[in-house]
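Asker: structure for the following, please:
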Amino acid sequence: MDHKGTVTLETDRLVLRRFTLDDAGTMYKNWASEDAVTKYLTWPTHESVDVTRAVLADWVSRYDNADFYNWAIELKELCQVIGSISVVTRKQTVDSCELGWCMGSRWWGQGIMPEAGRAVLRYLFTEVGFERVAAAHAVGNPKSGRVMQKLGMRYEGTLRRAGRCNQGVIDEVWYAILKDEFPAEERGPFRPMRRSRQQLSPAETEALLQSGVTGVLAVNGDRGYPYAVPVNYVYKDGKIYFHGARAGHKFDAMARDGRVCFCVTGRDEPCPEKLTDLYQSAVVFGRVRLLEGREMTEAAEALGLRFLPDPARVREEVAGAEARLACFELTPEHVTSKEAIELTKRRG
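Answerer: As a prediction, this is how the structure comes out:
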């Protein structure tokens, strides 16, 4: 198991993220104050937003724990939280956990909870390492059971008078899915990092990408061969910008297929006693697009300023080269980063 805590996940319609105290008002309005939502839950309808705020304060305080998993479900089109999904119990000895969820009734029946659940299952199986994920519902609440079925969970049995909710003592209907039952196409196009112990934190990855000047760009080249070439780059606002000519192998390859891989290496220090070196590296998978007009000019100037901190001179040089210059924007879709095991051991 490699507990990583509640990280931000994204789907077509949703952002699954950590709760903040600022969510108190919308959580109370959108579902915590609704009797229809809490009917089969174990906690009562919130009487006021103060109750919601106190619950959130407890959750927020627990996000520092790497084994705490509790996501706010934010609907992108509203920019509001409309429900939650969380790991409610864990069995560490068998790498198993139980999921629970709830959502405002205005959004029931729209496929939102299965969409959120698939993202969470993908993360728990491929990133954290759970081998089994289960869920249970009261026998009188078959709608929750249909969500479990849509997630690929299998019915495992009904435990008579085994649980308690706001309806009193109830029969519990149990479903579960094993890691090897989770469909391959749902696992995402990217492999999880194998040596996760050496993984850099998001802040360290960001710092590495910002500090680098040169990276290696890999594209789908001629006749099916990969083509890798070093390029100067600048990392800005979560994206990578680099330049090149408006003709050639690299340009033609990206015109055919915008999917690329980009690698940056930092802190490359020889370590003779271990027959290795002390490195940090980041690998970025994403898609590129050719910039035009003002976007191209801004990217070229940002690149120039990495080498010459003279804005007037850089603007002059860019203006003179615009006709033959191509600038590209790489939007990351998946990022992995790690350090040499010797550096990890030094951290303790």
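Asker: could you report the neighbour count for residue 296?
Answerer: Neighbour count of residue 296, defined by other C-beta atoms under 10 Å: 20. In this view, the C-beta of every residue, glycine as well, is placed from N, C-alpha and C.
Asker: quick one: contacts for it?
Answerer: Listed by C-beta atoms under 8 Å, 6 or more residues apart in numbering, the contact partners of residue 296 are 322, 325-327.
Asker: so it, which of the three states?
Answerer: helix (DSSP: H, G, I helix; E, B strand; the rest coil).
Asker: which pLDDT value belongs to residue 121?
Answerer: Residue 121 carries a pLDDT value of 96.
Asker: do the same with residue 2
Answerer: Residue 2 carries a pLDDT value of 86.
Asker: got a winner among the contacts of residue 296 for most neighbours?
Answerer: residue 327 (22 neighbours).
Asker: is it in a helix, a strand, or coil?
Answerer: strand.
Asker: now swap in residue 317 and tell me
Answerer: When classified by three-state DSSP, residue 317 comes out as helix.
Asker: who touches it in this structure?
Answerer: Shown in contact with residue 317 (C-beta under 8 Å, 6+ apart): 304, 308.
Asker: care to break the chain down by domain?
Answerer: As assigned by automatic domain parsing, the chain contains the domains 9-186, 196-347.
Asker: so what's the gap between the last one and the chain middle?
Answerer: Just to be clear, that refers to domain 196-347. Chain-centre distance of domain 196-347: 21 Å, with C-alpha atoms, centre = their mean, to the nearest Å.
Asker: closest to residue 81 among the contacts of residue 296?
Answerer: Residue 81 lies nearest to residue 327 out of the contacts of residue 296, by C-beta to C-beta, at 37.7 Å.
Asker: what helices or strands is the helix or strand encompassing residue 25 leaning on?
Answerer: Element membership for residue 25 (DSSP states H and E) is helix 24-27. Contacts defined by 3 or more C-beta pairs under 8 Å, 6 or more residues apart in numbering; DSSP states H and E place helix 24-27 against helix 49-62, strand 80-91.
Asker: starting at the chain centroid, how far to stretch 19-29?
Answerer: Distance of stretch 19-29 from its chain centroid, counting by C-alpha atoms, centre = their mean, is 22 Å.
Asker: give the rounded mean pLDDT of it.
Answerer: Stretch 19-29 comes out at a mean pLDDT of 97.
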